Structure formats: structure tokens, C-alpha cells
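1. Kindly return the folded structure for what I paste below:
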Amino acid sequence: MTHHDREGSPEPMASVRLRRAARGPEGAVRVLALHGLAGSVSSWAPYERLALDEVELWDGELPWGSAGDPGWSLRDDPADHVERALDAVPGGVDLLIVHSFTAGPALEALVRRAASGGPRAAVVVAPFHRRRTDDFSWDDATYYLGGFHRILEEGLRIGGGERLPAEVRAAMALRVRDRVGPYGWQQFFGAYLRSPFLDVASLRLPVLVMAGNEDFAAPPDDARALAAALPDGRFRLFDDCGHFAMAEQPQRFADAVHELLRETFPAAPATPSPSDVHPYVPELT
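-> Modelled structure (predicted):
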């Protein structure tokens, strides 16, 4: 699906598809899952297998995905694409799940809709988010510019690339990096730099923020800070987990999502395994 910008050139748009219909007799809970930069809808395959029967699972193919048009980074506002994806789900989205880079645009889209309604809950996985402008330094720019390909290589590994020799996987990551391009990287880092200005205090919906304790891309403290700033934020840290909790710890991920669903949508049935998801309580220092 495309539309044309003011100069007449085609602009890529987000598209959504029904990944799995609800299977239970009760009313469906519509869940939309959105991948990160250079990601794909395959990220959500592990959750699809574990989702509650009442979950109607949708996924979105965003312009910055692995199969997208790199031209998005030259002209587009990523939050607009998140809004289009939300609007494209028939009946509206009940729960929004976002990963990595897409967390920033998604939070911005939710802030825009804070007064007019939207999803009733959200799950944010491995966000790039800081609360103060002083939290950034030149070292951060150097780290993410020089190491951007490492994040992409990790995504390839988690996605099944371990069967490939390490040097092949590294070469593939560099090709993906070159496809994303400098402007795509600038969109990523620019969104990160703008994160302190997001008015997350205006969001009144419950938001579960997840992080992996071994995530070298998005520091777990970013997720912790975001959860603390949200009026109804919760924080969950997974042990033995990196940047892709939904693939690295799929059962724990599903349990955490379902705990939030049971709270927000009481008709959702209980799952057999308990979850230790809890409202975020700031740590004393």
C-alpha cells in the first residue's frame, strides 16, 4: 500500500495483516505487534504459538523493516506510520506491542492519541529511551555509529543465523546496515536523542516495559527509566536475555503479556504459569 507525497513520489506506508484469529468462544482481544528497525514480522512467530486463545494477533510491516523501502528515512515521520498501522486494524487495537526503535515512534503516536482514545494497554520491548538530555554524550554517538552493525548481526543470530558461520553473519549484517543507510541510522539516533522530550506522563494506559539483562544495544536502565516515568508503567527484566525477549525468552514474554491482558481485559482467562510482573516501584539509592 502506498500513497503519494506532495511532490508526487510514492511514500511507503505501514501495512497490517491478521497473523492469527482468536480461537476462544469469548470476544477477541486485538493485539498489534510492530517490529523494530530492519526487523520483520517473523519476530512474532514465537508469541503466535503461545498466545491465548482469546488473542486476535495482528502484525505490521513497517517501511523501516528488512523488506522496506530505504527511502522512508529521507522524508517520513515514523510516528505517522505507527498511527496508520493502528488505524488499519479493523475494530481498533486493544493492546499494542512494539520492539526496539519502534518504541519511540509508538510512544509519540500514543501521546498524540492520549485525549482521543486508542489502545487500552501497551507492551514496550527493549526501548531506546532516556529521561534527560544530559544523559547523552559524544561517546553514545560513537558507540551507536561504530557498533550499529552489531545490533543487526544480533538480530540475524537470534532469527536463526547461528547455523551460519560467524563471518557470513557479520557480512550479512554489514549489507543490512548499508541498506538502512546513514539516513536510516540518523532516524534511529535522532529518535533516541528526542526521547527525553516525549510527554509520557500524559499516557494513562498501563504500559509494560521489558528488557533483557544482557542487552548491549538498548541498556536495561533505559527501560527502567521509561517505566518509572509512565503514570501506569511496569518493568520486567529477563535474565539470560538480550535485545529480543520475544524470541530469546518466548514463554516468559508470553506470560508477561498475558498477565497484562488479564488485568486490562478481565474476561481473558488465567494462564497456568504465574508471572511476577508488577507495577514499577522506583529503587531507592
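
2. At which residues are the helices of this protein located?
-> Ranges of helices within the chain are 45-50, 72-75, 78-88, 103-112, 138-146, 148-158, 166-194, 220-229, 245-248, 250-264, based on DSSP state H.

3. Point out the most buried one among the ones you listed.
-> Each of those was assessed for mean neighbour count using mean count of other CB atoms under 10 Å. The highest is helix 103-112, with a mean of 24. (Each C-beta comes from the backbone N, C-alpha and C, glycine too.)

4. so what secondary structure elements neighbour it?
-> When contacts are defined as 3 or more CB pairs under 8 Å, 6 or more residues apart in numbering; DSSP states H and E, helix 103-112 sits against helix 78-88, strand 95-99, strand 121-125, helix 166-194.

5. at 6 Å instead, please
-> Helix 103-112 is packed against helix 78-88, with contacts defined by 3 or more CB pairs under 6 Å, 6 or more residues apart in numbering; DSSP states H and E.

6. what's the angle between the helix it packs on and helix 103-112?
-> Calculated by axes from the mean of the first three to the mean of the last three CA atoms, to 10 degrees, helix 78-88 forms an angle of 60 degrees with helix 103-112.

7. Let me know the angle separating helix 78-88 from strand 95-99.
-> 140 degrees.

8. Point out the other helices and strands that helix 78-88 packs with.
-> The contact analysis (3+ CB pairs under 6 Å, 6+ apart) places helix 78-88 against helix 103-112.

9. what does the helix it packs on contact?
-> For helix 103-112, the surrounding residues in contact (CB atoms under 6 Å, 6 or more residues apart in numbering) are 78-79, 82-83, 98, 124, 127, 191, 195, 198-199, 202-203.

10. Kindly export stretch 147-163 (C-alpha atoms) in PDB.
-> What follows is the C-alpha trace of stretch 147-163 in PDB, where atoms were taken according to Å, rounded to 0.1, in the frame of the first residue of the first chain:
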ATOM      1  CA  GLY A 147      28.500  -0.600  16.500                       C
ATOM      2  CA  PHE A 148      25.200  -0.300  14.700                       C
ATOM      3  CA  HIS A 149      26.000  -3.400  12.600                       C
ATOM      4  CA  ARG A 150      26.500  -5.400  15.800                       C
ATOM      5  CA  ILE A 151      22.800  -4.900  16.700                       C
ATOM      6  CA  LEU A 152      21.800  -6.000  13.200                       C
ATOM      7  CA  GLU A 153      24.100  -9.000  13.500                       C
ATOM      8  CA  GLU A 154      22.500 -10.000  16.800                       C
ATOM      9  CA  GLY A 155      19.100  -9.900  15.100                       C
ATOM     10  CA  LEU A 156      20.300 -12.200  12.400                       C
ATOM     11  CA  ARG A 157      21.700 -14.600  15.000                       C
ATOM     12  CA  ILE A 158      18.500 -14.700  17.100                       C
ATOM     13  CA  GLY A 159      16.500 -15.100  13.900                       C
ATOM     14  CA  GLY A 160      18.200 -18.400  13.200                       C
ATOM     15  CA  GLY A 161      21.500 -17.300  11.900                       C
ATOM     16  CA  GLU A 162      23.500 -19.400  14.400                       C
ATOM     17  CA  ARG A 163      23.700 -22.100  11.800                       C
END
